[in-house]
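Enquirer: pasting the sequence and the predicted model now:
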4 protein chains.
Amino acid sequence: MSKIKAGIIGATGYVGVEVLRLLINHEEVEVTAIGSNSYIGKNIVDVYLSIGYENSMVCIENEKVIDMCDVVFTALPHGVSEKFAIKAIESKKKVIDLGADFRIKDEEIYSEWYGVSFIDKILHKKAVYGLSEIYKEDIKNADIVANPGCYPTSISLPLMPLLSSKLIKNNNIIIDSKSGLTGAGRELSTSSHFTEVNENITAYKIGKHRHTPEIEQNLSEAYKENVDVVFTPNLIPVNRGILSTIYCIKEDNVSIGDIHKKLTDYYEYKDFVEILPLDKITSLKNVIYSNKCVISVHENKDTLIICSTIDNMIKGAAGQAIQNMNIMFGIEETTGLKHIAPSF
Amino acid sequence: MSKIKAGIIGATGYVGVEVLRLLINHEEVEVTAIGSNSYIGKNIVDVYLSIGYENSMVCIENEKVIDMCDVVFTALPHGVSEKFAIKAIESKKKVIDLGADFRIKDEEIYSEWYGVSFIDKILHKKAVYGLSEIYKEDIKNADIVANPGCYPTSISLPLMPLLSSKLIKNNNIIIDSKSGLTGAGRELSTSSHFTEVNENITAYKIGKHRHTPEIEQNLSEAYKENVDVVFTPNLIPVNRGILSTIYCIKEDNVSIGDIHKKLTDYYEYKDFVEILPLDKITSLKNVIYSNKCVISVHENKDTLIICSTIDNMIKGAAGQAIQNMNIMFGIEETTGLKHIAPSF
Amino acid sequence: MSKIKAGIIGATGYVGVEVLRLLINHEEVEVTAIGSNSYIGKNIVDVYLSIGYENSMVCIENEKVIDMCDVVFTALPHGVSEKFAIKAIESKKKVIDLGADFRIKDEEIYSEWYGVSFIDKILHKKAVYGLSEIYKEDIKNADIVANPGCYPTSISLPLMPLLSSKLIKNNNIIIDSKSGLTGAGRELSTSSHFTEVNENITAYKIGKHRHTPEIEQNLSEAYKENVDVVFTPNLIPVNRGILSTIYCIKEDNVSIGDIHKKLTDYYEYKDFVEILPLDKITSLKNVIYSNKCVISVHENKDTLIICSTIDNMIKGAAGQAIQNMNIMFGIEETTGLKHIAPSF
Amino acid sequence: MSKIKAGIIGATGYVGVEVLRLLINHEEVEVTAIGSNSYIGKNIVDVYLSIGYENSMVCIENEKVIDMCDVVFTALPHGVSEKFAIKAIESKKKVIDLGADFRIKDEEIYSEWYGVSFIDKILHKKAVYGLSEIYKEDIKNADIVANPGCYPTSISLPLMPLLSSKLIKNNNIIIDSKSGLTGAGRELSTSSHFTEVNENITAYKIGKHRHTPEIEQNLSEAYKENVDVVFTPNLIPVNRGILSTIYCIKEDNVSIGDIHKKLTDYYEYKDFVEILPLDKITSLKNVIYSNKCVISVHENKDTLIICSTIDNMIKGAAGQAIQNMNIMFGIEETTGLKHIAPSF
């Protein structure tokens, strides 16, 4: 079989280059084009030396990428991907958007949080939300996939099966998430300046983070009723990883054992989600540099506490995008994504 | 006026040496004796080079410290301080215990969480809980002060005034705290090994941390009714500092402005507690290496979110102990504690 | 072709588990046995959760590993590997020793630095020093390989070609190396305690580090005359990576361009060594989590400055061991080792 | 005695705000004005929250600072201080310049490295180089002090006494320095972006760092002959601190004991320089957040190795500037600078 030709639009941002790094070693893929806005004509190695001269590749205009590939990964700020997606779909190419443009189904909510409107409403209807473990069947036949946000991935994977089976209540859900700095990307800002971040932790965008409507959309869909959450993201001084600590209330007569069994059963045959035994607590070490989501469940008084960990750049972005590509192209879901998290 | 003669029992642990470091530059104090269990006869500089040869001082047996001072700071594991405290009080010395021995008033609860009983029940009655800003009047006349735990300090300072004025409800209080590694002390363990901690974050002792009954005791005393909390501590890869993120519910018709005003008024003339303006979020940078507690308040939907930050070794331990000593000896409360948190 | 059966003796130390982590995804290898001293009967996942339950494997006695495999990796403290190696060779198994037992050819020097003697002098003669790029031809036919130390790898790769071609002098070689903490292993010690390492840097074992005779042996062999070095290792607050900064003197009439060309030519067809263009400076980001050694060369006045970077756990230990296994078994040298260093 | 009125020009940069932080608690000083270029009219607390609302102070135009104080600290990029210094001296104010404008005596060398010329050559002659321990007598009577660079301070303190007494040779001096990120200041750049710095170390400006001529000027003045150095600075992932590792050659018949005795004697009565016993190695922990320079000496073969540690922001900038102010105004040299380095 000939290899899948993949192109990356926005390849010089953190997410874009992570897609590239993982695809270079993907045995069924050939990266045929990488696009950039700011580095056209420049070798990717001169932007990220770590990619290595043996993987030299020159950035072209984003506009020119589509024609050169079977599948295009768009890794762009919100509001910018849609026009590329429209063009790609017209050209009969598959699209995996790592930005926010196709994640929110309800245009009103999207506009309220992101300040822009849908351009092609029909395309938004066609877009499949790419939470791989939950929507695999839909992803198989998708032409365009909206790759989930990092926080929503870490939160939806444990909560959706519990909400859809009504094991937990749909109110009083409080989420305290902690993220590494790669989540803030490559753009310079005081809040990403080394001396500001190091030896510090800070909450940010309390009640205002744009992943909130995405989280609520997923949870509401699982529960078949509206679900609101209180979501507080924090920045911690690590490069990678998200720990989402989720506080919620079990339904009456539901035990922690029921919760644990539900999740264990649900994810039994899913390669990238692992539910720890009841006496263990997960941490970033279990997931960084891998495509895994590792989850542990706990209780304190009447409150259920879920710790959910992912690598924000892999399962929370580039890795899940490639997992979706694998599903869309009918190849083994774990191809190119088998890295084991290093213990140190 | 002659200087206060201070002694430190357990001076070679992290808390003990921090008391020493701060007292060396305290203009009204002379450190007359430092005791140790493991380093008797050894110079403190050979244990902590950073103390400096100009501050050379030889560790003596803990037992011999009491006779050489007016006030004794005990910085020992729980269950070990009490016998020193008894002896010191018999010798008419003031005692400030930085361990847990005198923090919990209810012996049954203490035994349940700490596995040991009270030895001298009358002394436990006499002991004043040293949350300086709240119990200053009692501390003034105390012979023995139970210095608060680090997490309880960060949590009680914002919550007690709100609970005592019934601005918030006494249920559904969820606390997600993040602490630096000095909180785990000097003892070697895998969970404090550099490669385990660095680039990681992990919750620990979920529902089982010994500061829980202390937090609940303080909050219940403020509310005049039982208050339960869900408390989850996390270890983050920084040396110092605690951020406690507190989720709770406002009483009906209470606005975030009311909350903010209450705290601002309550702490207006307190030097070491600062309530930020409503549009700011606190972070560790505001407090580490200082004796301050800096608090910011926020809301999301119906939930009140409080971010409370302290340096766990200073306001959370050695600094508050010295603040208590200042109060007990009738000297200016801020003496020796004026350090401004470095921005970097 | 059937897979190579690999066993790991000392699989629960940092080096051992890194060999395991890399071998699990090695397409030509099946790990058939992992041995441990302290964790016999315990699942490796209970020691390193990050390995993942899908890779569950129970540790057996180190003594039992040899019979179950074609090649045995010994990852043990010095002085302990040799007896396993003797037994393995007797059983006609291949051995790759990641400890120091077979690195030093001269028994007198070995005894002086390591305090132990050779047991089987003939086996020491047979052992091939596994600096893969330099000794590939010998490794092909080796039954036992002494895998190089981490510092010596980072230093020998740039210096050996320059010394053997007499482009630099053999005196005044000063090496200031900086290493991450994984180099200190899993054993608890104050010098690896988080709060000691974080926000710190310190030189250690100045003039006494046991990698010194290994470095000098390699350089002397290249120069065909005695070469002495001044070697100062430092611990920096990172998990992984070594930067060796090497100061030396060019021979008369040798330009920096000559130096650069020599190294570029020498490593042109070597996959894992990269010489940067003359205007770039290498850093850990180029190599961590990969098997690469990336080198940059510079000059200041008459002094040649070489910056050489590796991941101490991969090219400096487990990765190079697997590279050697690939060479010994005649399979493609890069198999299982193609990971690209993440940029962040 | 009335307090010294101090003003800071450039108070919102890292060095400026560190001068402010230290002066606020200086018992003999009142900060009467803080100037800024970018934050005129803004409260310093809104730039650095950690300064605390109790220390609120509004930034004024840099031009207006001089008239409001007795001594002015200029903390500005090179080439910008001189005009302020000229005006201040005309107004009979004392000046302490924390920039590079007055450090280099030789205009030709200054122009070569900094690309600008002297404006007022006479003022340059009057300026005293403020390496406090070495030039104290000159500083006493100075109207204008050129505060030394951070790297030169860490290097000159150990080397100048050894060179002036001819205990070491003036050639083959190699300096490998490691600095925390505050040295790079508050300005945003990719090289100070958290994810670039964290888990990394990199040399920079090899052979081109502007502190090189300052180091050579100091060493040459001590030796009374030209001294050249090879100087390589590195960035390490810590906020504060410099470790300069200095490799040099002892003169014939000079022992390490002679070296140690020379330094110990020279600094015996200097409060801020400490020479460790011969069996100890210094590290950043001994100096950060203090005004101390801690030095240890070692040898390997014929090479003398000196480890010299300072806090780059205090002894390497703001602290030494205040020490110089103390000397200039005839007050106790250690006033406001007695902080002991925290061990953690």
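Expert: Okay, I see it. In this text, all values refer to a predicted model and were calculated from it rather than measured experimentally.
Enquirer: give the contact list for A:Lys205.
Expert: A:Pro233 (C-beta atoms under 8 Å, 6 or more residues apart in numbering or on different chains). Yep, even glycine has a C-beta here, placed from its N, CA and C like the rest.
Enquirer: and it, how close does it get to chain D?
Expert: From A:Lys205 across to chain D, the span is 17 Å (C-beta to the nearest C-beta, to the nearest Å).
Enquirer: and if you look at A:Val71?
Expert: From A:Val71 over to chain D the distance is 28 Å, taken as C-beta to the nearest C-beta.
Enquirer: A:Phe84 too?
Expert: A:Phe84 sits 26 Å away from chain D, going by C-beta to the nearest C-beta.
Enquirer: I'd say that residue and A:Glu61 touch.
Expert: No: at 11.3 Å, A:Phe84 does not count as touching A:Glu61 under the criterion of C-beta atoms under 8 Å.
Enquirer: pick out whichever of the two has more residues nearby.
Expert: Between A:Phe84 and A:Glu61, counting by other C-beta atoms under 10 Å in any protein chain shown, A:Phe84 is the more crowded of the two (23 against 13).
Enquirer: residues contacting the more buried one?
Expert: Residues in contact with A:Phe84, defined by C-beta under 8 Å, 6+ apart, are A:9, A:62-63, A:66, A:72, A:74, A:76, A:95.
Enquirer: A:Gly79 too?
Expert: A:Gly79 sits next to A:101, A:114, A:116 when contact means C-beta under 8 Å, 6+ apart.
Enquirer: quick check: which element contains it?
Expert: Using DSSP states H and E, A:Gly79 sits in no helix or strand.
Enquirer: not counting its neighbours along the chain, what's nearest A:Arg210?
Expert: Nearest in space to A:Arg210, with sequence neighbours left out and distances taken as C-beta to C-beta, 6 or more residues apart in numbering or on different chains, is A:Trp113 at 5.2 Å.
Enquirer: what do you get for A:Asn291?
Expert: Spatial nearest neighbour of A:Asn291, chain neighbours left out: A:Gly319 (3.8 Å); criterion: C-beta to C-beta, 6+ apart.
Enquirer: okay but that neighbour is in contact with A:Asp311, surely?
Expert: Yes: taking C-beta under 8 Å as the definition, A:Gly319 is a contact partner of A:Asp311 at 7.1 Å.
Enquirer: among those two, which residue is more densely surrounded?
Expert: Ranked by neighbour count (other C-beta under 10 Å), A:Gly319 and A:Asp311 place A:Asp311 first, with 31 against 27.
Enquirer: spell out which residues of chain A are next to chain D.
Expert: Residues of chain A lying near chain D by C-beta under 8 Å from any C-beta of the partner chain: A:14, A:181-182, A:186, A:188-190, A:192-199, A:237-239.
Enquirer: can you rerun that using 6 Å?
Expert: Neighbours of chain D within chain A, by C-beta under 6 Å from any C-beta of the partner chain: A:181-182, A:188, A:192-195, A:197-198, A:239.
Enquirer: just the buried residues of the contacts of A:Gly79.
Expert: Listed as buried from those are A:101, A:114; burial here means 16 or more other C-beta atoms under 10 Å in any protein chain shown.
Enquirer: please report phi then psi for A:Cys307.
Expert: Backbone dihedrals for A:Cys307, given as degrees, to the nearest 10, come out at phi -100, psi 120.
Enquirer: shouldn't it be in contact with A:Ser296?
Expert: Yes: with contact defined as C-beta atoms under 6 Å, A:Cys307 counts as touching A:Ser296 (4.8 Å).
Enquirer: shared neighbours, those two?
Expert: A:Thr282 (C-beta atoms under 6 Å, 6 or more residues apart in numbering or on different chains).
Enquirer: sticking with the closest residue to A:Lys169 other than its chain neighbours, tell me its helix or strand.
Expert: Nearest residue to A:Lys169, sequence neighbours excluded (C-beta to C-beta, 6+ apart): A:Ile249, at 4.5 Å. Using DSSP H and E, A:Ile249 sits in strand A:242-249.
Enquirer: and that strand, what does it pack onto?
Expert: helix A:150-164, strand A:173-179, strand A:303-310 (3 or more C-beta pairs under 6 Å, 6 or more residues apart in numbering or on different chains; DSSP states H and E).
Enquirer: partner strands of the shortest one, parallel or antiparallel?
Expert: What that stands for is strand A:173-179. Taking DSSP bridges as the criterion, strand A:173-179 forms sheet pairs with strand A:229-235 (parallel), strand A:242-249 (antiparallel).
Enquirer: can you check what angle separates the first one from strand B:303-310?
Expert: With axes from the mean of the first three to the mean of the last three C-alpha atoms, to 10 degrees as the criterion, the two stretches strand A:229-235 and strand B:303-310 enclose an angle of 20 degrees.
Enquirer: over to the longest one?
Expert: Between the axis of strand A:242-249 and that of strand B:303-310 there is an angle of 130 degrees, by the same axes, to 10 degrees.
Enquirer: quick check: angle from strand A:242-249 to helix A:150-164?
Expert: Using the same axes, to 10 degrees: strand A:242-249 against helix A:150-164 is 30 degrees.
Enquirer: next SSE after strand A:242-249?
Expert: Criterion used, DSSP H and E; the element after strand A:242-249 is helix A:256-266.
Enquirer: may I see the buried residues of that next one?
Expert: A:259-260, A:262-264, A:266.
Enquirer: tally up the residues packed near the residue of the stretch 201-344 of chain A found nearest chain D, please.
Expert: At 5.3 Å from chain D, A:Asn239 is the closest residue in the stretch 201-344 of chain A, using C-beta to the nearest C-beta. Using other C-beta under 10 Å, A:Asn239 has 24 neighbouring residues.
Enquirer: same question for A:Tyr39.
Expert: Counted with other C-beta under 10 Å, the neighbours of A:Tyr39 add up to 17.
Enquirer: for the one 4 residues further on, same thing?
Expert: The criterion is other C-beta under 10 Å. On that basis, A:Asn43 has 15 neighbouring residues.
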